[in-house]
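*Asks:* coordinates only, no sequence provided:
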């Protein structure tokens, strides 16, 4: 066997495990690992400007395509603590991501050495596995276990902390003798799935709730086929959006308090049975549980057994990988279809389609400053079916989810549960790394954009082109709207008179100058009729210069976006679309 440094063994393992895309910042305590990457040559590294940004890039890369695992690398001390928000975002949404940190020498860990922090303890609540590796001989096994855990059961992130003397130590290691550990995923039995299908087919108005677990399992095609055989409408969650295309006749809309469709909520309230697959009954989806559960039976299928019954107790709970469950349900559904024992749900489907054709929010406004609804209308026109959208939180994300269209799995990439401001830009860069031929469009409010705006320079340096739509109302809009219940508007305005940029007209930060100073292209739009030309120009600039292009849209300062505390009582602040001209890009249905 060959004798080598532990870091050389670790890098060889990364390649064998298929994790070859890294994002990070070098530093003294992690330099041995960087030297191993340089000597090996098989790991591509993207230099971030902030370690939190690197963690979101790795997260975005992992979300971009089936099987991806992004790597985030940083030095000791604050590099690890900077990764915590990234670990939280990945943990909350079941995303595999490998974080690697440098550390002070083993003998110094208890002596408050420079940048020596117990990152293992800090990271444990937000990871599937966190370990400071104290013995050189444990390095291969720790990496082997990390990859197994990231891929087994409910996916999630891990953190491995490497003291510098452990990195430099030599061990006997043979990469040819290394094998990844088997991935463990539970599988529903035929008997369990027969019971689930019996409950569904006994209902009059059944629905399938499609969660992010279906996306994680790469099982969107199976979901669509099952829905078509059963002829049962599908409600995707925010994390499952795209599992069934928006224009499919069985896509019945999203349900929830914020990121939802009016027709989706109305259809759900008319249902009498729900089978949730790979979802977690998030509170922004359910609202009040009494309203959500009243009058309907539930089956819950999830890969993590402790998720079942966590929010409410279903009539039947099944622990299974979403893909395995869908494969089993498909087999049963085909058998019953051949035996002609499936119910006819065509009347129920027609009701759902009628709601989908009539309950749309108005988007066609000509106001100056621009109303946000018009921005999403023009985005629907400008960007095609293959567009991948990236967003995190705020009124921009909420309105975008209500009005944009998504046509495939992993084409809506969103930090759904954690929702950290600043995630969008770096995550979009990771998505570009993961899908270099895709059209990637990020969506931010002005504050999300400002949080990690420095990462635009990464896109310029490494030629990672995407379009970043920034809807700027110079407000923390979602917080301002939530403060209405307290009869206040406190510490939420970002507006000021910019002495260097009077052309911002009191909106404050000159995003155009900042973006251009970071090496990317930028366009400002103040009239809604200029949006189509701006998006066309952005696509041309992105193609010519291979860098991010910012399209800043100056919005009216105050817009309240539809939301509420119960799915039966969402507050609508704008009128319904009464004619096709009121919402010209609304999807009605498609046979």
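*Replies:* Arrived safely. Remember, predicted model here, so these are calculated numbers, not experimental data.

*Asks:* would you point out which residue is most central in this structure?
*Replies:* residue 414 (2.7 Å; CA atoms, centre = their mean).

*Asks:* nearest spatial neighbour of that residue, skipping sequence neighbours?
*Replies:* Using CB to CB, 6 or more residues apart in numbering and skipping the chain neighbours, the partner closest in space to residue 414 is residue 391 (5.4 Å). Backbone N, C-alpha and C define where each C-beta goes, glycine included.

*Asks:* how about the one you found, phi and psi?
*Replies:* phi -160, psi 170 (degrees, to the nearest 10).

*Asks:* shouldn't it be in contact with residue 443?
*Replies:* Yes: between residue 391 and residue 443 there is a contact under CB atoms under 8 Å: 4.3 Å.

*Asks:* identify the contacts common to these two.
*Replies:* Common contacts of residue 391 and residue 443, defined by CB atoms under 8 Å, 6 or more residues apart in numbering, comprise 397, 400, 424.

*Asks:* can you list which of the residues you listed are found in strands?
*Replies:* Among those, no member is found in strands (DSSP state E).

*Asks:* give me the number of residues near residue 344?
*Replies:* 8 (other CB atoms under 10 Å).

*Asks:* got it, and residue 121?
*Replies:* 10.

*Asks:* so who does it touch?
*Replies:* For residue 121, the contacting residues are residue 130, by CB under 8 Å, 6+ apart.

*Asks:* quick one: it and residue 142, what's the gap?
*Replies:* Residue 121 sits 16 Å away from residue 142, going by CB to CB, to the nearest Å.

*Asks:* and what of residue 543?
*Replies:* In terms of CB to CB, residue 543 sits 44 Å off from residue 142.

*Asks:* cool, residue 475 as well?
*Replies:* 46 Å.

*Asks:* so which of residue 543 and residue 142 has more stuff around it?
*Replies:* Between residue 543 and residue 142, counting by other CB under 10 Å, residue 142 is the more crowded of the two (20 against 10).

*Asks:* show the subsequent helix or strand relative to the worst-scoring helix or strand of the chain on mean pLDDT.
*Replies:* Lowest mean confidence among the helices and strands of the chain (mean pLDDT, DSSP states H and E): helix 477-482, at a mean of 77. Scanning forward in sequence from helix 477-482 by DSSP states H and E, the next helix or strand is helix 511-517.

*Asks:* quick one: contacts for the residue nearest to the centre of the chain?
*Replies:* Residue 414 neighbours (CB under 8 Å, 6+ apart): 238-239, 241, 390-392, 397, 401.

*Asks:* next: residue 347.
*Replies:* So residue 347 contacts nothing (CB under 8 Å, 6+ apart).

*Asks:* likewise residue 295?
*Replies:* Shown in contact with residue 295 (CB under 8 Å, 6+ apart): residue 272.

*Asks:* need the three-state assignment for it.
*Replies:* Taking DSSP: H, G, I helix; E, B strand; the rest coil as the rule, one finds residue 295 in the coil state.

*Asks:* how close does it get to residue 269?
*Replies:* Taken as CB to CB, the span from residue 295 to residue 269 is 9 Å.

*Asks:* now do residue 148
*Replies:* 43 Å.

*Asks:* the two: which is more packed in?
*Replies:* Neighbour totals were compared for residue 148 and residue 269, and residue 148 leads with 18 against 15 (other CB under 10 Å).
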